[in-house]
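# Using only what follows, build the 3D model:
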Amino acid sequence: MRLTGIVAGVYLIASATAAYELAQVALRPERRALPPAAPAWLHAPADDVSLRAGDGALLQAWYLGAAHPNGDVVILLHGQADTREGVAGYAFTFLQHGYAVLLPDSRAHGASGGNVATYGVLERDDVRRWALWLRGKTPGCEYLFGESMGAAIAIQASAIAPGVCAVAAESSFATFREIANDRISQITGLGLWFPHTVAAPARELALLYGAVRFHVNLADASPLRAIRASRVPTLLICGTADTNIPMRHSVELFDAGASHSQLWIVEGAAHTGAADVNPAEFERRVVGWFQQHDQPR
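Prediction:
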């Protein structure tokens, strides 16, 4: 009995320690430095704009108008531990097709305020507020494009942001618990059986820590639930070589939103690497998806 108690105590301490580390990595991603201005190679003047989030956090972005505007705008959403600069290459593509672009730093990233990243729990409303702010800038459609964490945020925002005509989401996770399981498996080098069994208490304690310490339930970050509720046309993009967020997440999302979504599986593409594998096809599919859907749902 004493040995059992010792083993149980060690297990609980190890789970609590692991939970704290997992929560810190997820909630407080490293901030990357942001350049003082938008890249000159975009060949478009960029306005520094800001918006106050619902919780008071000051969100920062670049807004760029196209030389030959088509009246539509694309909101570009970056991944975890990245900044708006990380999706500037996509901005160049959209600008060439006449779209204005908005590149916000997600909360707790880049120059934006916010104490923690919440993977869509708070960010979906941040995007909704940006979409409302854009109403006075462009007369046409508003589109969302995101990669990785940004893709998950885009899908969640589409369920609550009025006026969004279509979404393109590359390498999104399905639910926060599922991607947490993947992260634990990747860190330990063990299979998914490990977070489903031995490490399950650490995962749940990490979620509890976020809820108690920061009043954020990360389990509420669920693109899966959002795509079921939304009817916004959504292009889901994933790569067969993605070991960061495996393609099964996008497949699960497509199964849940098959009535209004399309799945593009890119052979050989790594995480958010579809444009690297075939840039011309990437441009054709994403721009074409937006052009096909020019009315809000």
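
# In what element of secondary structure is Ala202 found?
Element membership for Ala202, per DSSP states H and E: helix 200-214.

# residue boundaries of the helices in the stretch 1-150 of the chain?
Per DSSP state H, counting those that start in this stretch, the stretch 1-150 of the chain carries helices over the ranges 2-27, 88-96, 123-134, 149-158.

# how about these, which one is nearest Leu34?
The minimum distance between Leu34 and the helices of the stretch 1-150 of the chain falls on helix 88-96, with 11.0 Å, by CB to CB. No exception for glycine: its C-beta is placed from N, CA and C like everyone else's.

# Go through the helices of the stretch 1-150 of the chain and pick out the most buried.
Highest mean neighbour count of these: helix 149-158, a mean of 31 (counted as mean count of other CB atoms under 10 Å).

# pLDDT of it, averaged?
Computed over helix 149-158, the mean pLDDT rounds to 98.

# Find out how far it is from the centre of the chain, if you would.
Put simply, helix 149-158 sits 5 Å off its chain's centre (CA atoms, centre = their mean, to the nearest Å).

# Which neighbours in the sheet does the following helix or strand past it have, and how are they oriented?
Counting by DSSP H and E, the next helix or strand C-terminal to helix 149-158 is strand 164-170. Within its sheet, and counting by DSSP bridges, strand 164-170 is paired with strand 142-147 (parallel), strand 234-239 (parallel).

# Okay, angle between strand 164-170 and helix 88-96 too, please.
Put simply, strand 164-170 runs at 140 degrees to helix 88-96, going by axes from the mean of the first three to the mean of the last three CA atoms, to 10 degrees.

# Please tell me how far strand 164-170 is from the chain's geometric centre.
That offset, for strand 164-170, works out to 12 Å (CA atoms, centre = their mean).

# possible to save the helices of the stretch 1-150 of the chain as JSON lines with distance to Ala219?
Formatted as JSON lines, the helices of the stretch 1-150 of the chain follow (distance: least, CB to CB, whole Å):
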{"stretch": "helix 2-27", "distance to Ala219": "12"}
{"stretch": "helix 88-96", "distance to Ala219": "30"}
{"stretch": "helix 123-134", "distance to Ala219": "15"}
{"stretch": "helix 149-158", "distance to Ala219": "13"}
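
# quick one: which of those helices is nearest Ala37?
It's helix 88-96; of the helices of the stretch 1-150 of the chain, that one is closest to Ala37 (CB to CB) at 11.3 Å.

# before we move on, the earlier item: would you format the strands paired with strand 164-170 as TSV with mean neighbour count and distance to Val167 included?
Shown next, in TSV, are the strands paired with strand 164-170 (neighbours: other CB atoms under 10 Å; distance: least, CB to CB, whole Å):
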stretch	mean neighbour count	distance to Val167
strand 142-147	28	5
strand 234-239	27	4
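
# now those in JSON lines, with distance to Leu190?
Putting those into JSON lines (distance: least, CB to CB, whole Å) gives the following:
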{"stretch": "strand 142-147", "distance to Leu190": "27"}
{"stretch": "strand 234-239", "distance to Leu190": "23"}
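
# Nearest to Ala280 among the helices of the stretch 1-150 of the chain would be which one?
Checking these against Ala280 by CB to CB gives helix 88-96 as the closest, at 10.7 Å.

# check contacts around the closest residue to Arg231 other than its chain neighbours.
Nearest non-adjacent residue to Arg231, counting by CB to CB, 6 or more residues apart in numbering: Arg297, 4.6 Å away. By CB atoms under 8 Å, 6 or more residues apart in numbering, Arg297 lies in contact with 164-165, 230-233, 260.

# Just the buried residues out of the residues you listed, in PyMOL syntax.
Entered in PyMOL, the line below selects the buried ones among the contacts of Arg297, by 16 or more other CB atoms under 10 Å:
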select buried, resi 164+165+230+232+233+260
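
# okay, the contacts of Arg297 in a markdown table with secondary structure and distance to Ser171 next?
Shown next, in a markdown table, are those (DSSP: H, G, I helix; E, B strand; the rest coil; distance: CB to CB, whole Å):
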| residue | secondary structure | distance to Ser171 |
| --- | --- | --- |
| Val164 | strand | 20 |
| Cys165 | strand | 22 |
| Ser230 | coil | 19 |
| Arg231 | coil | 23 |
| Val232 | coil | 19 |
| Pro233 | coil | 19 |
| His260 | coil | 20 |
